[in-house]
Each structure stands twice: as structure tokens, then as C-alpha cells.
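Q: any chance you can model this:
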Amino acid sequence: MRPDPVAQGQEPGAQTNVTQETNMPAYAVPPVERAIKLLRYIGDGNTCRNLSTVSRDLKINRTTLIRLIHTLLDQHMIEELAEKAGYRLGVGLVTLGAQAIQGRDLVRICQPVLQHLSETTGMSAHLGVLDGADIVYLSRVAPNSHLVSNIHAGARLGAHASSIGRAILAQMDQGRIAALLKDAPLTAVTPKTPTTLAAVLQQAQADHAKGFAWSVGNFEAGIGSCGAAIFDHSGAVVGALNVSGPDSRFTDPSGSAAISAAVCQAAQDASTRLGASPAPAS
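A: The predicted structure follows:
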């Protein structure tokens, strides 16, 4: 279902694109940015069956869009669905993603820690890093249970709404948080999600005071979560880990303390493996 080949010559709307791109950061490459926007759009579950809709949604000239699709198909970054139903991410992109994850020392070093944390708590354990105003999950270890998180490696969530994101934000000064989130849509995923910068800053202060981010239905009704930050040898925050499970385990006073202790210990173990100084004995 490749789009019809386009005629050679100047693309319709090219002058408009130039005008729109004058505010782009220095050294940005607009064609690359468009290709990445298209890949993320497809990755979010949009099949691009209707090119006019895609062109409108992404604000990409239709002629340019057709050329992008041809190029991504040729490079195996996307592939056609059966019965002309559109496109999905291709094996070439999957391979690149796997190589990127495998090449990160953070994943390799923290994987045993996640495994132990999942076994200790009986819940799903996750590792994530900050990417702009979002969190990208790099790894997940799930217990042998029907109560398994549906978060997978590569998933992207708003940092303000997830316990991993909150744990990282809690280690930043408020000016840096404000700069990071100033243009971000602070979307509410549940009524408990902060949707203003002031509320996010207040949440970060509270999480910093506790030393971990605690959630009971903040991201998903019926689900609890606890996250803690991971530091490297220089003391910089490089990511965070968490566990998630049924909210009944997070509202039980006798069990909640054990969960937060296990998560904080796992974060400290991961940090130590990355060269951070051990936490002082209490």
C-alpha cells in the first residue's frame, strides 16, 4: 500500500515549511525531525491509512509525507499491514531499539537489582530514565503472577504522573523542573494527577522529603506504585526504578513500609553498582 509516486519538483507548501522552521533550534534538521515525528505517530498506534489525516495531525506537507513513508519502508523502519490497512513500526527500528537498550550500562547493571526487587516484593519492577518531560521505560521484570504490569520497555509516560518520573523530579531544584516542564502538557491521567506547574513543584518537594515517590491510584485506578531515584558516581540522577501492584498492598500500613524500604534499598544497590557512594548508616 505504498503511496503513489510523487512528481519531481518543488513540494507544495515548501515555502510555508521554511517559514515555520525559522524558530527551530540551531542545527536542527527538519527532514529528520519530520521522520521522527512520523515514527512516533505510528508507534502510538496510528496506522496512517488516511494520509490526509496524518498530514493534518503532524502538520507535514502531504508530498513530504509520501516521500517519508517511501524512505522508511525502504529502510525497514516501518512495514505495511495486510489488506492495505496502513503501517506499523518495522523490524529495522525494532533492531535499533534493542541495540540501544542492550548498549546502555544502566540496563545491564540494574537488571539483577530489578530481578531481586520483583522477587522480594512479588510485584512488577521497572527501570526508567528522563527524556524531556517524559519517562522512557528501559526494562521490566514481572513476577510469576497474574497481577502483572502492562508497562513495557520503550513505553513513554509523563514524568509528572509516574512514580519513576516523580522520583527523578524530586532530586532536581525547582528552577530546573520549571524549565523542563514549562511547555509540557501536564495531562491528568487520574483525578490525583497534578496538572499545574505549582502542583508538580509541591509534589516534588513532598517526594524529596520522603526519599521516594508513593502513588495509590495516581496513575491508574486500582494500582499502587513506589519509585526511587538512581545516582551515578558523580552523584547525578541517571534514572529511577519502581514497583507497581494492586493498591490494596499500598494502603496496608504493615506492608507499605516494607515496600518503600525494598524500593529504596534497590535504588541504593543500583546506585552503588554505578559507583555512587553508599548511603550513610542511619
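
Q: with adjacent residues omitted, what lies nearest to residue 122?
A: Take residue 122 and drop its neighbours on the chain: the residue closest to it by C-beta to C-beta, 6 or more residues apart in numbering is residue 143, 5.3 Å away. Backbone N, C-alpha and C define where each C-beta goes, glycine included.

Q: show me the contacts for the one you found.
A: 118, 119, 122, 123, 124 (C-beta atoms under 8 Å, 6 or more residues apart in numbering).

Q: so where does the first one fall, helix or strand?
A: Right, the one you point to is residue 118. Assessed by DSSP states H and E, residue 118 sits inside helix 105-121.

Q: likewise for residue 94?
A: Assigned by DSSP H and E, residue 94 falls in helix 91-102.

Q: mean confidence score for that helix?
A: Helix 91-102 shows a mean pLDDT of 72.

Q: need the residues that contact the helix holding residue 118.
A: 101-102, 124-127, 129, 138-143, 230, 238-239, 241, 243, 245, 259, 262-263, 266, 269-270, 273-274.

Q: which among these end up buried?
A: With burial judged by 16 or more other C-beta atoms under 10 Å, the buried subset of the contacts of helix 105-121 is 101, 124-127, 129, 138-143, 230, 238-239, 241, 243, 245, 259, 262-263, 266, 269-270, 273-274.

Q: all the strands of the stretch 151-282 of the chain, residue numbers only.
A: Assigned by DSSP state E, counting those that start in this stretch, the strands in the stretch 151-282 of the chain fall at 156-158, 213-216, 223-231, 237-246.

Q: partners of the last one, with directions?
A: When pairing is defined by DSSP bridges, strand 237-246 lines up against strand 124-131 (antiparallel), strand 223-231 (antiparallel).

Q: tabulate these (JSON lines), appending distance to residue 60.
A: What follows is those, written out as JSON lines (distance: least, C-beta to C-beta, whole Å):
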{"stretch": "strand 124-131", "distance to residue 60": "22"}
{"stretch": "strand 223-231", "distance to residue 60": "36"}
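
Q: what would those strands look like in JSON lines with mean pLDDT?
A: Formatted as JSON lines, the strands paired with strand 237-246 follow (pLDDT from 0 to 100):
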{"stretch": "strand 124-131", "mean pLDDT": "93"}
{"stretch": "strand 223-231", "mean pLDDT": "95"}
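
Q: of all those, which lies closest to residue 87?
A: With C-beta to C-beta, the closest approach to residue 87 among these belongs to strand 124-131: 23.7 Å.

Q: who's in contact with the helix or strand following the closest one?
A: Later in the chain than strand 124-131, the nearest helix or strand by DSSP H and E is strand 134-141. The contact list for strand 134-141, computed with C-beta under 8 Å, 6+ apart, reads 101, 104, 106-107, 110-111, 114-115, 117-118, 124-129, 149, 151-159, 162, 164-165, 168, 239.

Q: thinking again about what came up before, between the helix holding residue 118 and strand 134-141, how many degrees?
A: With axes from the mean of the first three to the mean of the last three C-alpha atoms, to 10 degrees as the basis, helix 105-121 and strand 134-141 are set at 60 degrees to each other.

Q: so which bits of helix 105-121 are buried?
A: In helix 105-121, counting by 16+ other C-beta under 10 Å, buried: 106, 107, 109, 110, 111, 113, 114, 116, 117, 118, 120, 121.

Q: and of those residues, the nearest to residue 28?
A: Set against residue 28, the nearest of the buried residues of helix 105-121 by C-beta to C-beta is residue 106 (27.1 Å).
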